[in-house]
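Visitor: Sequence and computational prediction follow.
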Amino acid sequence: MTPSRRRRFVEVGFAVAVLVIAGLGFTYKMSEFAVTIVKDDVEGFGAVAVATYLIGMMPLLFVMLWAVMTGRFRDLEATKRRLFEIDDEIARGDFHA
């Protein structure tokens, strides 16, 4: 396995691990809210919290899916390299915006 493939494998593995852990936390919190809604002593207490949480997370989910589907995560270092190139051009006096 080449170093670039190994790095990509580690990055994808880390991303999957983070998403699984975050998903488990999200599932736990949603089930906790659902149980709170059903209980008689504080009926409906969690309904607003669940709705707010879901409405707040939906745009983030859609932006993440859009970024993955359009390939925005393919070359994360490209922007950094371009900034260094622009900095070098400015230092040489060759920069034209």
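Guide: All right, it came through fine.
Visitor: For this structure, which segments count as helices?
Guide: Under the criterion DSSP state H, helices of the chain are mapped to 3-38, 45-69, 78-92.
Visitor: What is the burial count for M1?
Guide: 8 (other CB atoms under 10 Å). Every residue, glycine included, has its C-beta placed from N, CA and C.
Visitor: Just give the closest residue to it, not the sequence neighbours.
Guide: In space, and not counting its chain neighbours, M1 is closest to F9: 7.4 Å by CB to CB, 6 or more residues apart in numbering.
Visitor: Turn the helices of the chain into CSV, including mean neighbour count and mean pLDDT.
Guide: CSV is the format used below for these (neighbours: other CB atoms under 10 Å; pLDDT from 0 to 100):
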stretch, mean neighbour count, mean pLDDT
helix 3-38, 11, 84
helix 45-69, 11, 82
helix 78-92, 10, 89
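Visitor: re the thing from before, for L54, see how far away the residue nearest to M1 is.
Guide: 33 Å (CB to CB, to the nearest Å).
Visitor: ditto for R5
Guide: Taking CB to CB, one finds R5 at 37 Å from L54.
Visitor: go on, G25?
Guide: On the measure of CB to CB, G25 and L54 end up 15 Å apart.
Visitor: With R8 instead?
Guide: Taking CB to CB, one finds R8 at 32 Å from L54.
Visitor: which residues sit against stretch 9-29?
Guide: Contacts to stretch 9-29, defined as CB atoms under 8 Å, 6 or more residues apart in numbering, come from residues M1, Y53, M57.
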